[in-house]
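Engineer: Predicted structure and sequence below. I'll ask about it afterward.
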Amino acid sequence: MAQVGEPTLEGPQVRLRPPTEADYLAVFRWYNDAEIVAPFDRFEIDTWESFVAAIESAPGDPRSVAPRWIVEERTDGRTLGFVGFYAPHPILEFLDVWYVVGDRERRGRGLGTEAVRLMIDHLFRTQRIERIGATCDVENVPSFRLLERLKLRQEGRLARALFHHGGWHDVLVYGITRAEWSAAAPKG
Ligand SMILES: CC(C)(COP(=O)(O)OP(=O)(O)OC[C@H]1O[C@@H](n2cnc3c(N)ncnc32)[C@H](O)[C@@H]1OP(=O)(O)O)[C@@H](O)C(=O)NCCC(=O)NCCS
């Protein structure tokens, strides 16, 4: 059964809103397209049933890596992609964010950065945490540029931590504290 999702978040160019059934097919197609979601990541084909179950149970599950918001462009309402967050560690108290701009034509226009900024703002406002992080393959230039644009700090490098496309890859660890975010992140 669907649970109460996240609130809608409005930025200057993009809106983040909880997924509805009308979004499922488009997101499922992107989700199952390795070229879109995982050029630098592990990839597994999902079934429709497990995809829907994951999306609908995500609001009650802090560890869920299912999409939590649809990203749409405000001017024309076009669906651009999806984003989410999860608690990656069983003991340490922080959240990692992740993000996909599925609509390739609209990449490189700052929309992914704005979507992640809205999500981090919201998480610091609503969650009792002091750190938000993200990880990405060392070769995923758009992803770590996005994080650096938002002033997340590179905290380390996990050697050979991720297997994809037939090989082991190093992963960059990024993070920002609540105080750093308040002081440094551009707002709006
Ligand atoms: C990562 C992703 C969300 C970025 O979305 P986007 O809307 O294109 O990002 P932005 O336009 O806000 O740009 C963010 C930064 O990446 C850079 N960038 C964007 N596309 C790029 C490309 N193809 N090559 C190199 N840099 C690129 C931008 O120039 C910008 O950096 P800058 O501040 O130095 O100019 C998008 O590329 C994507 O969905 N990738 C596939 C999924 C993925 O890898 N997600 C992250 C998992 S860790």
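Structural biologist: Cool, got the structure.

Engineer: I'd guess Glu148 is in a strand, am I close?
Structural biologist: No: counting by DSSP: H, G, I helix; E, B strand; the rest coil, Glu148 falls outside a strand, being helix.

Engineer: what's the neighbour count on it?
Structural biologist: By the criterion of other C-beta atoms under 10 Å, Glu148 has 13 neighbours. C-betas here are computed from N, CA, C, even on glycine.

Engineer: if I look at it, how far off is the ligand?
Structural biologist: Distance, Glu148 to the ligand, using C-beta to the nearest ligand atom, to the nearest Å: 7 Å.

Engineer: What of Arg17?
Structural biologist: Using C-beta to the nearest ligand atom, we find Arg17 at a distance of 17 Å from the ligand.

Engineer: Over to Tyr24?
Structural biologist: With distances taken as C-beta to the nearest ligand atom, Tyr24 is found 19 Å from the ligand.

Engineer: pLDDT below threshold where in this protein?
Structural biologist: The model of the chain has pLDDT under 70 over residues 1-4, 185-188.

Engineer: can you tell me which residues contact Asp74?
Structural biologist: Small correction: residue 74 is Arg, not Asp. Applying C-beta atoms under 8 Å, 6 or more residues apart in numbering to Arg74 gives the contacts 10-15.

Engineer: Over to Thr8?
Structural biologist: Applying C-beta under 8 Å, 6+ apart, the residues near Thr8 are 15-18.

Engineer: Name the member of the contacts of Arg74 with the most neighbours.
Structural biologist: Neighbour counts for those (other C-beta under 10 Å) peak at Val14, which has 27 neighbours.

Engineer: What does that one show for phi and psi?
Structural biologist: Dihedral pair for Val14: phi -120, psi 160, per degrees, to the nearest 10.

Engineer: my read: it touches Val71, true?
Structural biologist: Yes: between Val14 and Val71 there is a contact at 5.5 Å, judged by C-beta atoms under 8 Å.

Engineer: Excluding chain neighbours, what is closest to Ser64?
Structural biologist: With sequence-adjacent residues excluded and distances taken as C-beta to C-beta, 6 or more residues apart in numbering, Ser64 is closest to Ala58, at 4.0 Å.
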